[in-house]
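K.L.:
Make a model of this:
(chains A and B)
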Amino acid sequence: MKLECAETRERLPEFSLGVIDGAERADVVVHLAQCSACRSVATEYGATADALSELTGETEPPQGFESRVLDRLHNERLARPRRGGWKTLAVAAALAAAIVIASVAAVRLVDASGPASHKQSLQTAQMIGNRGMHAGKAFLTEGSDPYLFVALNYGMPPGTYGITTVAADGQTAQIGSINIVRGAGSWAGDAHVPAGALAWVRIVRPDGHTLCSAKFAEQ
Amino acid sequence: MWSVSDDALLDGLTTGDPDAAAAFVERFQRRVYGLAIRILGDPRLAEDVAQETFVRAWRAGGTFDPRRGTVASWLLSITRNLAIDTIRVRRHVVVDPEELLQLSGESLDRLPDDMAVLSSESNRLHTAVRQLPSDQRRSLILAAYYGHTAREIAELDDIPLGTAKTRIRAAMRRLRAALVDPESAE
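P.N.:
Modelled structure (predicted):
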């Protein structure tokens, strides 16, 4: 096992629980993008962390809880009709767990037996927000069917935001969503744009405002 | 309706089917509220978090991938993250270490009453958590349920940072072994 693998595996318990700091998180994400063996271990730790949430058992909620939730869902649907429905969103194939413990998502969306192209080198771009704030990084594998990784660790308000790609020809697409918890979050999945054709990745609020973006080098 | 799979109910929730939404909430509300109240200890905050969990599930249901885990674990991860955010934002909600010790001891001892609804995997994990050394179990619970980093745990328990990291890592290694390779973990 390489030293990088040993260091990464040491950090995987905290990574899977979402309690690792931003710099270490980024190091882990970068390593996992290139190491299927460590991705496999990370997936097991992720499943362990998820399973812990199921250990607390059941508690009867207060009377009327169910009807209050359903009323709220009804009102939310009226206020924010979904465009295209879940199947459209699901087209962004690897959006597995953007709302799961965010750091775990970066692991799980990459199949441990993924194609060799995922082990190639990464393009890296800074996610830049208002006034030049460095909000995190985006990583893109090479090839015709690249994976995109987004790791945000600074200055992001909590919430769920869209991940939008802009191709070199100007075509835009929302490929997923990212959940920011305690100022950090990460996402990984298919970029749906050939690596050389991806110009921008943007993190977008539900009202369409761009919070931060990363520019990839033209090829 | 009750024979419908969790995945199908989630699909129904996200497409706006009111029957599916009602069945989804009915199926998961006790587990969602149970996790929220265990972490927050405040019924009003726990209800806020539980309600928000279902709204987030409706909004983000399209991102769920059944190949990566169960609907329950996905949903409860939303609850956990929201509860941790609530703890962070409302700093007046102070975690009482004595209550945490109770959580790591007596409360988990009560879990067998609930085990009928838990899977064999959860059973193994539950056993493994109870068998952890108490200092590892406490650090694990502080990290897993309260979102504390190793540095925060070190400050809270007045222990070196390295010790806090070691405890979290050792605990998670044992739990992972219990799930992945139960024989070697025993």
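K.L.:
switch to C-alpha atoms for all contacts and neighbour counts from now on
P.N.:
OK.
K.L.:
Let me see the contact set for residue 125.
P.N.:
I'll assume chain A. A:137, A:138, A:139, A:214, A:215, A:216 (Cα atoms under 8 Å, 6 or more residues apart in numbering or on different chains).
K.L.:
could you do chain B instead?
P.N.:
With contact taken as Cα under 8 Å, 6+ apart, residue B:125 is in contact with A:51, A:52, B:175, B:178, B:179.
K.L.:
Include pLDDT, neighbour count and secondary structure when you put those residues into JSON lines, please.
P.N.:
Shown next, in JSON lines, are the contacts of residue B:125 (pLDDT from 0 to 100; neighbours: other Cα atoms under 10 Å in any protein chain shown; DSSP: H, G, I helix; E, B strand; the rest coil):
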{"residue": "A:51", "pLDDT": "85", "neighbour count": "24", "secondary structure": "helix"}
{"residue": "A:52", "pLDDT": "87", "neighbour count": "22", "secondary structure": "helix"}
{"residue": "B:175", "pLDDT": "95", "neighbour count": "27", "secondary structure": "helix"}
{"residue": "B:178", "pLDDT": "92", "neighbour count": "22", "secondary structure": "helix"}
{"residue": "B:179", "pLDDT": "87", "neighbour count": "22", "secondary structure": "helix"}
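K.L.:
tell me the pLDDT at residue B:157?
P.N.:
At residue B:157, the pLDDT value in this model is 90.
K.L.:
Return the members of the contacts of residue A:125 classed as buried.
P.N.:
Buried members of the contacts of residue A:125, scored by 16 or more other Cα atoms under 10 Å in any protein chain shown, are A:137, A:138, A:139, A:214, A:215, A:216.
K.L.:
which residues does the residue lying closest to the second one once chain neighbours are set aside bridge with?
P.N.:
I take that to be residue A:138. Nearest non-adjacent residue to residue A:138, counting by Cα to Cα, 6 or more residues apart in numbering or on different chains: residue A:150, 4.4 Å away. Using DSSP bridges, the beta-bridge partners of residue A:150 come out as residue A:138, residue A:187.
K.L.:
ranges for the strands of chain B?
P.N.:
Counting by DSSP state E, chain B has no strands to list.
K.L.:
Could you list the low-pLDDT ranges of it?
P.N.:
Along chain B, segments meeting pLDDT under 70 span B:1-3, B:90-119, B:182-186.
K.L.:
so where's the longest helix in it?
P.N.:
Ranked by number of residues, the top helix in chain B under DSSP state H is helix B:18-40.
K.L.:
list the buried ones in that one?
P.N.:
Neighbour-count burial for helix B:18-40, counted by 16+ other Cα under 10 Å, picks out B:20-25, B:28-40.
K.L.:
Check stretch A:160-174 too.
P.N.:
Those would be A:160, A:161, A:162, A:163, A:164, A:165, A:166, A:167, A:168, A:173, A:174, for stretch A:160-174 by 16+ other Cα under 10 Å.
K.L.:
Throw these into JSON lines and include secondary structure and pLDDT, thanks.
P.N.:
Converted to JSON lines, these look like this (DSSP: H, G, I helix; E, B strand; the rest coil; pLDDT from 0 to 100):
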{"residue": "A:160", "secondary structure": "strand", "pLDDT": "80"}
{"residue": "A:161", "secondary structure": "strand", "pLDDT": "85"}
{"residue": "A:162", "secondary structure": "strand", "pLDDT": "85"}
{"residue": "A:163", "secondary structure": "strand", "pLDDT": "89"}
{"residue": "A:164", "secondary structure": "strand", "pLDDT": "88"}
{"residue": "A:165", "secondary structure": "strand", "pLDDT": "88"}
{"residue": "A:166", "secondary structure": "strand", "pLDDT": "86"}
{"residue": "A:167", "secondary structure": "strand", "pLDDT": "83"}
{"residue": "A:168", "secondary structure": "coil", "pLDDT": "80"}
{"residue": "A:173", "secondary structure": "strand", "pLDDT": "82"}
{"residue": "A:174", "secondary structure": "strand", "pLDDT": "81"}
